[in-house]
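Participant: Sequence and predicted structure below; questions after.
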Amino acid sequence: MPGEKKQRSTSSRAEPYPVRTSSRIRAARNASEQPEKKHSNEAKEVKKLDDEDVDEEIYRDSLQVSAASSGALQPYHALPSPDHDKIAEVTAGQIALQIYGTGIKIDSVLCKKLSTEPALREIKQRRPEMDLNMSRRSNVEAFLGQLTGVSVVRPCKNCNKGHGPWNECIIYDGQMCGSCTNCWFNASGSRCTFHESNQTSIYEPTPRYNPRSAGNPTQHHQIEQAPVATTLVRRQPRRNYPTPPPSQQSSQNFMQQNLPPSTTNMINAVVADAVGMSQRERIMARVEDSARQLGMHIGELREYAEAVAIEREADAERSGMPAQSSPSGGTIENAEAASEESDAAESELD
């Protein structure tokens with residue numbers, strides 16, 4: 001039956017046996033499917049991170065990288081740039097994580113804002129052996145402000161006395177109630193000369209130089225462009241004191257140049273102490289100064305009265321007439337001398 005054989009062969013070709021895959025083919029197929037699964041898992045993780053706080057994730061990642069590369073609780077050092085000629089721009093948050101590691105909490109709005117700004121200086125602590133409490137929000141703000149703020153020409157009274165954890169008096173305009181970072185650390189900043197509640201301060205904080213900082217008073221209003229009403233409410237206008245004429249200024253400069261160095265240093269020290277006084281201390285100093293001036297005026301008045309009495313006695317001796325005491329300038333001694341002269345004249349007549 002050749003027909004049946006042909007039919008069987010066609011039927012066998014129409015319904016072939018199921019193909020068995022070998023172990024090599026299955027391994028290759030699994031290897032080709034793994035990247036697709038990996039990409040899908042990564043997409044899910046990215047979507048999950050978008051729903052969470054992105055800033056916190058960035059801080060943790062940078063913390064892991066810095067801890068793995070340089071280690072936690074290490075002193076700050078500048079990171080070199082690829083061209084080895086300039087110093088790479090390091091943010092304040094990177095320095096904070098490099099120095100304190102997980103011991104610092106960057107969670108407030110101001111801390112997150114300052115942590116993204118470039119660091120302008122190295123931290124110079126007064127007592128390096130002292131451990132600072134970086135679990136407090138105000139302390140972290142003061143630390144980041146010390147890195148990103150502006151140095152002033154004339155420090156506040158507390159920085160001038162050596163108070164605060166750092167050597168420099170740094171301000172950040174519009175933040176920390178106007179106080180410096182040293183006074184904001186472990187306190188509310190109310191003791192600072194630049195605090196917004198201390199409107200009777202005789203001088204405003206003047207930047208030592210003009211850095212590229214958002215806390216610079218000369219650039220803060222240009223960067224943020226705050227409304228006029230908000231600026232007026234936040235900071236009241238200072239009192240404008242009249243400036244002396246040029247002739248008086250030149251005479252003062254001439255006197256300062258001719259003074260010996262010891263006298264100039266004493267004047268500068270007294271001026272620095274007076275500038276660093278609080279409002280109560282300045283009022284008490286004015287009262288003491290007024291009392292001292294009153295005492296000097298009383299002494300001058302007594303000297304003047306004695307000189308007038310001596311002149312009148314001399315005139316009376318020259319003219320041979322007793323000196324008459326006036327109600328305005330007479331003294332007890334003049335009255336006694338006049339009574340003695342009158343008694344002597346009466347005895348001569350008798």
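Facilitator: Sure thing, it's come through. Numbers count the residues shown, from 1 in each chain.

Participant: tell me, how many neighbours does R121 end up with?
Facilitator: 14 (other Cβ atoms under 10 Å). C-beta coordinates here come from the backbone N, C-alpha and C atoms, glycine included.

Participant: likewise E168?
Facilitator: The burial count for E168: 18, using other Cβ under 10 Å.

Participant: Not counting its neighbours along the chain, what's nearest it?
Facilitator: Of all residues not flanking E168 in the chain, S151 sits nearest, at 5.4 Å (Cβ to Cβ, 6 or more residues apart in numbering).

Participant: would that neighbour count as being in a strand?
Facilitator: Yes. Under DSSP: H, G, I helix; E, B strand; the rest coil, S151 sits within a strand.

Participant: What residues are bridge-paired with it?
Facilitator: I170 (DSSP bridges).

Participant: shouldn't it be in contact with N167?
Facilitator: No. The pair S151 / N167 is not scored as a contact, 10.3 Å apart, by Cβ atoms under 8 Å.

Participant: by contact count, what packs against the longest helix that the chain contains?
Facilitator: Criterion DSSP state H: the longest helix present in the chain is helix 279-319. Helices and strands touching helix 279-319, by 3 or more Cβ pairs under 8 Å, 6 or more residues apart in numbering; DSSP states H and E, are helix 332-349.

Participant: Try it again at 10 Å.
Facilitator: Contacts defined by 3 or more Cβ pairs under 10 Å, 6 or more residues apart in numbering; DSSP states H and E place helix 279-319 against helix 261-275, helix 332-349.

Participant: Out of those, which gets the lowest mean score?
Facilitator: Mean pLDDT per stretch puts helix 332-349 lowest among these, at a mean of 59.

Participant: any weak-confidence spans in the stretch 51-200 of the chain?
Facilitator: 51-88, 198-200 (pLDDT under 70).

Participant: in which helix or strand would I find N139?
Facilitator: For N139, the element it lies in under DSSP states H and E is helix 137-148.

Participant: tell me which residues of that helix are tucked away?
Facilitator: Residues of helix 137-148 classed as buried: 138-148 (neighbour count, 16 or more other Cβ atoms under 10 Å).

Participant: Start and end of stretch 173-191, how far apart?
Facilitator: End-to-end distance for stretch 173-191, by Cα to Cα, to the nearest Å: 17 Å.

Participant: List the buried residues for it?
Facilitator: Of all the residues in stretch 173-191, those buried under the rule 16+ other Cβ under 10 Å are 173-185, 187, 189.

Participant: buried sites along stretch 148-167?
Facilitator: The neighbour-count criterion (16+ other Cβ under 10 Å) identifies 148-152, 154-159, 163-166 as the buried residues of stretch 148-167.

Participant: Of those, just say which sits nearest to A272.
Facilitator: Among these, R154 lies closest to A272 (Cβ to Cβ), at 8.3 Å.

Participant: could I get the buried residues of helix 137-148 as JSON lines with distance to S115?
Facilitator: Formatted as JSON lines, these follow (distance: Cβ to Cβ, whole Å):
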{"residue": "S138", "distance to S115": "15"}
{"residue": "N139", "distance to S115": "14"}
{"residue": "V140", "distance to S115": "9"}
{"residue": "E141", "distance to S115": "10"}
{"residue": "A142", "distance to S115": "13"}
{"residue": "F143", "distance to S115": "10"}
{"residue": "L144", "distance to S115": "6"}
{"residue": "G145", "distance to S115": "11"}
{"residue": "Q146", "distance to S115": "13"}
{"residue": "L147", "distance to S115": "9"}
{"residue": "T148", "distance to S115": "9"}
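
Participant: which among these gets closest to A285?
Facilitator: A142 (30.0 Å).

Participant: wait, isn't the closest one in contact with S179?
Facilitator: Yes. With contact defined as Cβ atoms under 10 Å, A142 reaches S179; the gap is 9.3 Å.

Participant: what touches both of the two?
Facilitator: Jointly contacting A142 and S179 under the rule Cβ atoms under 10 Å, 6 or more residues apart in numbering are 172, 185, 187, 189.

Participant: I figured the third one hits N158, correct?
Facilitator: Yes. Taking contact to mean Cβ under 10 Å, the distance of 9.4 Å between A187 and N158 places them in contact.

Participant: hey, what's in contact with both of these two?
Facilitator: With Cβ under 10 Å, 6+ apart, A187 and N158 have common neighbours 164, 179.

Participant: Map the structural domains onto the sequence of the chain.
Facilitator: Residue ranges for the domains of the chain, per automatic domain parsing: 54-234, 277-349.

Participant: Tell me the spacing between the residue lying closest to G189 once chain neighbours are set aside and G299.
Facilitator: Distances taken as Cβ to Cβ, 6+ apart place S179 nearest to G189, at 3.0 Å, with adjacent residues excluded. Using Cβ to Cβ, to the nearest Å, S179 is found at 44 Å from G299.
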